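> How does the following fold in three dimensions:
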Amino acid sequence: MPFSPPSSMPVPRWFFRQVATVTVTTVTQETAGSWDRGAGTSYSVPCFLNPASSADSAIYKRETGRTLYDLYLDCKATDGTAVTSAILNHISRISVDGTAYVAEGEYIDLASNSVVFKLQVSREV
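Predicted coordinates for the structure are as follows:
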């Protein structure tokens with residue numbers, strides 16, 4: 001729920017030093033009942049990717065495992081499009097600096113200000 005009256009929190013644009021390419025996944029259902037996924041529109045969103053944990057590889061001393069990251073995103077894409085739950089959700093395809101990441105749920109709106117969104121993502125290593 002947004003603040004009422006609106007907060008004067010500034011958008012921390014200096015914080016977003018990377019760009020995430022968020023591709024909307026379109027889902028259609030065949031007449032037989034199966035679901036097909038396809039790539040839709042892509043948006044470039046300023047972001048900051050921060051490592052959160054690497055439990056499997058640290059605990060079990062494996063070369064492979066799942067590494068979790070916190071992805072902080074601007075509320076607007078570089079073309080001015082507002083980032084909404086229709087664009088950024090658990091089935092969207094996300095890549096930062098050429099590396100593909102998988103969303104681990106829905107994003108949260110930090111401080112309910114619609115200024116910074118946080119999404120936990122992972123990648124297999």
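> Give me the secondary structure label for T67.
The three-state label given to T67 by DSSP: H, G, I helix; E, B strand; the rest coil is strand.
> That one: neighbour count?
18 (other CB atoms under 10 Å). All C-beta spots, glycine's among them, are computed from the backbone N, C-alpha and C.
> Same check on A103?
19.
> Okay, helices next: where are they in this protein?
Counting by DSSP state H, the segments of the chain that form helices are 55-60.
> how close does G80 sit to T21?
16 Å (CB to CB, to the nearest Å).
> more crowded one of the two?
Taking neighbours as other CB under 10 Å, G80 and T21 compare with T21 leading, 17 against 6.
> For the closest residue to that one other than its chain neighbours, list the residues it contacts.
Nearest residue to T21, sequence neighbours excluded (CB to CB, 6 or more residues apart in numbering): S95, at 4.9 Å. With CB atoms under 8 Å, 6 or more residues apart in numbering as the criterion, the residues that contact S95 are A20, T21, T23, Y101.
> same check, this time on I108
F117, K118, L119.
> what number of residues lie near the last one?
When you say that, I think you mean L119. Neighbours of L119 (other CB under 10 Å): 24.
> Could you point out the longest strand of this structure?
Once the chain is assigned using DSSP state E, the strand that runs over the most residues is strand 35-53.
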